[in-house]
Structures are given as C-alpha cells and as structure tokens.
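> Below: sequence and its predicted model.
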Amino acid sequence: MKNFMKTKEFIGFCKNVFDKLPVPVDFLDKEGRLVYINKSFLEFLKFNEDDILGKVVTEIEPTSKFLETLKYKQAEVAKRHVFSNGKEAIVHRIPIIDENDELIGGFGMILFDNYEKLKQVTEKIEKIHKELSLYKNELAKINSAKYTLDDIIGESKAIKSCKSKVKKLARVNSNILIIGESGVGKELFAHAIHYESERRECPFVSINCSAIPENLFEAEFFGYEDGAFTGARKGGNIGKFELANGGTIFLDEIGDMPLYMQAKLLRVLQEKEIVRVGSNKVTKLDVRVICATHKNLESLVDEGKFREDLYYRLNVLSLDVPPLRQRKEDISILIDKFTDKFYKDTGLYREVPSDVMNILCNYEWPGNVRELKNIVERICVNAEDTYVTVGDLPSNILNKSLKIERKKSQGLKEIMDNIEMDIIINTLKECNNNKSLAATRLNIPRASLYRKIEEYNIEI
Ligand SMILES: Nc1ncnc2c1ncn2[C@@H]1O[C@H](COP(=O)(O)OP(=O)(O)OP(=O)(O)O)[C@@H](O)[C@H]1O
C-alpha cells in the first residue's frame with residue numbers, strides 16, 4: 001500500500017482518468033515527489049513532464065506549501081496560491097491517508113486557474129447578492145400588512161367586538177373566513193389579524209380571486225417554471241403561496257373561485273405543499289389562510305358552486321363584519337377621519353355641518369365604508385368653501401334622504417313642500433345653480449324661485 005502511488009496500475013489509472021480532464025490535477029508520493037501530473041496542469045505550468053516527474057514539489061514550485069500539507073496530514077481546500085510563473089489560482093492540497101492513518105501521498109488540484117477571473121465572478125456574485133437582498137426587502141415591504149387595528153375606525157359596539165375578536169383570532173393559526181357585505185372593511189381586518197399575529201414580520205400576500213382569469217389561477221397561486229405554458233414569463237414565476245410562505249395569504253372574493261381550482265386549493269391546504277406548474281419539485285408550506293367573501297358560501301354549497309369540504313376547511317374560524325347601517329354611530333367618526341385625510345392629502349380644509357351630516361347618517365350606505373369614503377372625498381372636492389353644503393351631495397343620496405324625511409313628516413302640506421323642495425334642488429343642480437334657467441325650466445317667475453329658495457333654506 002505504501003508504494004501504491006508509484007505502481008504502474010496507479011499511474012495507468014491516472015492517465016486513463018485524468019489525462020483527458022480539463023482540470024489541472026497531480027499526485028505526489030509521501031515524500032512529496034511528483035508521481036503523476038495531467039496534461040492540463042503541464043499546460044498551466046508550461047513544463048515538460050520528463051523535466052519534472054520524480055522531483056520534489058518545491059524543486060518544481062519553490063513556493064509550494066504541499067510539503068507542509070503532507071507533514072501535518074491536513075487538507076487545504078480552496079486556497080489561493082501564486083505560482084512561480086506569476087499565475088494566481090485557487091488550489092486544493094489533499095493528503096492521501098490509508099486505513100491505518102499512514103500518509104501514502106498527496107493529491108493536488110487547481111480549482112480556478114485564473115484568480116482575477118474568480119475575483120470578478122465573486123464580486124459579481126456579491127453585487128447580485130446585494131441587489132437580491134434589496135429586492136427581497138422591497139418585496140417584503142410590498143407584501144406586508146399595511147393596516148393595523150388602529151386603522152380600523154369606529155366606536156360602535158359592533159366594531160369594537162370585531163376588533164377584540166381579531167386579537168383572539170391572531171393567537172392561533174387556523175384558517176379564517178371573513179364575511180360581510182362589500183366595502184365593510186374585510187380586507188382591513190385581514191391585514192389587522194396578520195399584524196396582530198406572530199407572523200407580522202413575514203409576508204402578507206393578498207390575492208383577489210374574482211380578478212384572475214380562469215386559465216391563470218394555477219400559475220398565479222402556485223407559480224410556474226420556464227416554458228410551462230405558452231406566454232409564460234422567461235425564467236418562470238413564483239406563485240402567491242410561495243411568496244406568502246411563513247406568513248399569511250389573503251384570498252379575497254373566495255366565492256368566485258372556479259370549482260377545478262377549489263379542488264387544487266383543498267389539496268394544498270391538506271398537504272401543506274405546492275408544486276409549480278411545469279415542475280415536479282415539491283415546496284413545503286407554512287402559510288396561514290384568511291379568506292373573505294360578500295357572498296353566501298352556504299348557498300353556493302347548496303347550489304353545487306362551492307365545495308362543501310373546502311368550505312369547512314376555510315371556515316374553521318370566522319369573523320362577521322357588520323354593514324354600516326348596523327353601526328350608524330360610526331358614520332360621523334368615519335366622516336371626520338376621511339375629511340382629515342382629505343386635508344392631509346390636499347391641504348384643503350373641509351367641515352361637514354350638521355344638516356349634511358344628518359343626511360349622511362340617515363343614508364343606508366349599500367356600498368358601506370368604501371362608498372362613504374368616496375362620497376366624502378367627492379363632497380370635499382365639490383365644496384366651494386370650508387363648509388360642505390347639501391348641494392354638494394350627489395342627487396341619489398339627497399333623493400333618498402328626502403324620501404326618508406317625507407315618510408317621517410305628518411301632514412299633506414309638509415309632504416308637498418318636501419316634494420317641491422326636492423324638485424327645486426334637482427333642477428338647480430341640473431342647471432348648474434343658474435337660477436334664471438331653473439325658473440324657466442320650472443315655468444315659474446324668477447322672483448318665486450328666489451322666495452322658495454329662501455323659504456326652504458336651499459344652499460346654492
Ligand atoms: N372601519 C374602517 N375604518 C377606516 N376605513 C375603513 C374601515 N372599513 C373600511 N374602510 C375603508 O373602506 C374601503 C373598503 O374596505 P375593504 O376593501 O377592506 O372592504 P372589503 O369588505 O374587503 O370590500 P370587498 O368586499 O369589496 O372586497 C377601504 O378603502 C378601507 O380602507
């Protein structure tokens with residue numbers, strides 16, 4: 001065994017295996033004498049084999065550290081070495097040791113024959129690494145919870161009870177179904193649950209199931225590999241589940257998910273793993289799922305449009321966000337918040353006086369907080385001055401409010417007056433508050449119109 005390195009069999013084996021290898025390789029005996037060197041190494045050193053075979057390595061390369069490697073029987077991996085021909089390289093120096101821990105020789109190899117090139121590659125990798133962490137940070141910022149419980153405005157019992165339920169829901173990891181009419185703040189609550197949970201530092205990824213074309217569902221949810229389908233982005237794409245890994249995924253409008261996709265989602269929830277389209281690599285998932293819908297999922301189950309098994313899996317915990325008409329006391333607080341926001345965004349200060357506030361508080365708000373937010377922004381823009389007026393309100397809200405008032409009023413005269421006022425307000429609006437034009441349209445003298453405007457206290 002001791003002289004194995006010098007045997008014909010070993011040298012023959014080396015020639016067969018390493019001569020064709022484009023990587024510089026050599027072998028030394030235990031005294032550090034060169035017993036084999038392949039063509040690639042000779043080319044690198046610019047030596048003739050006959051001139052160096054049998055010589056001690058330091059006679060060939062005075063700066064070589066191989067003798068120390070052999071002496072201490074200690075492998076040196078990926079070390080930088082400057083050869084006597086001036087070339088810098090990254091080398092391995094490995095002592096070969098038998099089963100009795102006896103040194104029998106050494107194996108040398110050049111990993112990178114151009115140190116400068118390696119440096120450039122390393123620098124490039126470092127740069128890419130830095131850029132990658134920058135993008136990762138950006139991505140994390142985009143995919144993070146943007147709203148906390150403090151952003152959910154309202155002092156009503158109903159909203160307070162929802163907020164305290166959020167704290168309980170955040171403590172556990174079970175799936176949650178948030179139900180409530182459109183615009184009540186379901187997404188806001190989903191953000192707040194994530195933010196209250198231990199996952200707050202991890203991604204929060206939101207996806208609207210009603211906005212995805214049916215053929216792209218799988219790719220959006222689970223990602224895809226390069227060339228997975230026609231039109232697929234080069235290099236593939238990460239799916240929302242993978243993006244949310246460690247954090248929370250919010251599936252909005254879950255009632256709009258097609259049945260075939262429901263089956264796939266169910267499997268992911270059961271297996272807790274995904275496979276990208278066009279790949280067979282399995283990725284383990286640790287994602288909390290929060291869903292929301294304004295549809296009645298139980299009816300959809302009855303109609304065969306939503307899988308019952310998926311419904312039960314998603315509806316482990318639930319949160320019911322009440323409509324605005326059931327928490328009217330929140331309306332004025334929300335209006336104040338939205339006018340404040342308008343001021344911060346535009347520098348225009350607006351106040352909503354009590355007559356306008358009354359109309360807004362009595363409206364039914366079918367579009368809930370989203371509708372309220374839009375209307376407040378609209379009346380703030382429409383207002384000529386600090387104070388918003390009844391005339392700044394959209395006619396549908398005004399008409400509904402007048403109808404409610406009319407219902408409340410007692411006598412025929414009041415009813416007639418309300419109708420008259422209603423007609424005058426609408427005509428004035430249609431005529432851009434041009435009183436002469438409005439009087440002509442109503443076919444009454446201008447003076448009568450002025451009198452009625454004063455009588456009904458109509459603000460122009
Ligand atoms: N309690 C609240 N306080 C402050 N803003 C709110 C509140 N509730 C809702 N909003 C605002 O109303 C708008 C609609 O909210 P959100 O998108 O969360 O409703 P949603 O129930 O998810 O609606 P959809 O069913 O249409 O998806 C958003 O601009 C949100 O910021």
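Yep, that arrived. Residues are numbered from 1 along each chain as shown.
> So which elements touch the host helix or strand of Val17?
Val17 is located in helix 8-18, with elements delineated by DSSP states H and E. Packed against helix 8-18 by the contact rule (3 or more CB pairs under 8 Å, 6 or more residues apart in numbering; DSSP states H and E) you find strand 25-29, strand 34-37. Quick note: C-beta positions are derived from backbone N, CA and C, even for glycine.
> buried set for it?
Buried residues in helix 8-18, counting neighbours by 16 or more other CB atoms under 10 Å, are found at 10, 14, 18.
> could you dump the helices and strands packed on helix 8-18 to TSV with mean neighbour count, distance to the ligand and mean pLDDT?
Rendered in TSV, the data for the helices and strands packed on helix 8-18 read as follows (neighbours: other CB atoms under 10 Å; distance: least, CB to the nearest ligand atom, whole Å; pLDDT from 0 to 100):
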stretch	mean neighbour count	distance to the ligand	mean pLDDT
strand 25-29	23	65	95
strand 34-37	22	72	96
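> domain ranges for this protein?
Under automatic domain parsing, the residue ranges defining each domain of the chain are 4-116, 149-322, 323-388, 409-460.
> Tabulate the ones you listed (TSV), appending distance to Lys136.
Below are the domains of the chain laid out as TSV (distance: least, CB to CB, whole Å):
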stretch	distance to Lys136
domain 4-116	28
domain 149-322	10
domain 323-388	31
domain 409-460	53
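> looking at those, which one has the lowest mean pLDDT?
Out of the domains of the chain, domain 409-460 stands lowest, with a mean of 85 (criterion: mean pLDDT).
> So what touches stretch 345-362?
Where contact means CB atoms under 8 Å, 6 or more residues apart in numbering, the residues beyond stretch 345-362 that reach it are 328, 331-332, 335-336, 339, 342-343, 372, 375-376, 379-380, 383, 386-390, 392-393, 397-398, 401, 404.
> ok and the residue in the chain nearest the ligand?
Scanning the chain for the residue nearest the ligand gives Gly185, at 2.7 Å (criterion: CB to the nearest ligand atom).
> didn't that residue look like it was pressed against Asp151?
No: using CB atoms under 8 Å, Gly185 makes no contact with Asp151, being 9.4 Å away.
> And the two? Which one has more around it.
More neighbours sit around Gly185 than around the other of Gly185 and Asp151, counting by other CB atoms under 10 Å; the figures are 24 against 14.
> Can you name the residues that contact the more buried one?
Contacts of Gly185 (CB under 8 Å, 6+ apart): 152, 321, 368-369.
> Any idea how many residues pack against Thr346?
Using other CB under 10 Å, Thr346 has 12 neighbouring residues.
> Tyr135 now?
When neighbours are defined as other CB under 10 Å, Tyr135 has 10 of them.
> Return the set of buried residues in the one helix or strand it maps to.
Taking DSSP H and E as the criterion, Tyr135 maps to helix 115-142. Residues of helix 115-142 classed as buried by neighbour count (16+ other CB under 10 Å): Leu118.
> How far off centre is that helix?
On the basis of CA atoms, centre = their mean, to the nearest Å, the separation between the geometric centre of helix 115-142 and that of its chain is 21 Å.
> Report all helices and strands that it contacts.
Under the contact criterion of 3+ CB pairs under 8 Å, 6+ apart, the helices and strands touching helix 115-142 comprise strand 88-97.
> swap the cut-off to 10 Å and go again
strand 76-82, strand 88-97, strand 103-112, strand 204-208, helix 240-243 (3 or more CB pairs under 10 Å, 6 or more residues apart in numbering; DSSP states H and E).
> just to revisit the earlier point, could I get the helix holding Val17 in PDB with only the CA atoms?
Presented in PDB, the C-alpha positions along helix 8-18 are these (Å, rounded to 0.1, in the frame of the first residue of the first chain):
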ATOM      1  CA  LYS A   8       2.200   1.000 -12.900                       C
ATOM      2  CA  GLU A   9      -1.500   0.300 -12.100                       C
ATOM      3  CA  PHE A  10      -2.000   3.600 -10.300                       C
ATOM      4  CA  ILE A  11      -0.100   5.600 -12.900                       C
ATOM      5  CA  GLY A  12      -2.100   3.900 -15.700                       C
ATOM      6  CA  PHE A  13      -5.300   4.600 -13.900                       C
ATOM      7  CA  CYS A  14      -4.400   8.300 -13.500                       C
ATOM      8  CA  LYS A  15      -3.500   8.600 -17.200                       C
ATOM      9  CA  ASN A  16      -6.800   6.900 -18.200                       C
ATOM     10  CA  VAL A  17      -8.900   9.100 -15.900                       C
ATOM     11  CA  PHE A  18      -7.200  12.400 -15.500                       C
END
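> angle of that helix against strand 103-112?
10 degrees (axes from the mean of the first three to the mean of the last three CA atoms, to 10 degrees).
> and Leu70, what element?
Using DSSP H and E, the element containing Leu70 is helix 66-72.
> Just the buried residues of the contacts of stretch 345-362.
331-332, 335, 339, 342, 372, 375-376, 379-380, 383, 388-390, 392-393, 397-398, 401.
> wouldn't Asn237 be in contact with Glu220 here?
Yes: look at Asn237 against Glu220 with CB atoms under 10 Å: they come within range, at 8.7 Å.
> what's the overlap in contacts for those two?
Common contacts of Asn237 and Glu220, defined by CB atoms under 10 Å, 6 or more residues apart in numbering, comprise Val277.
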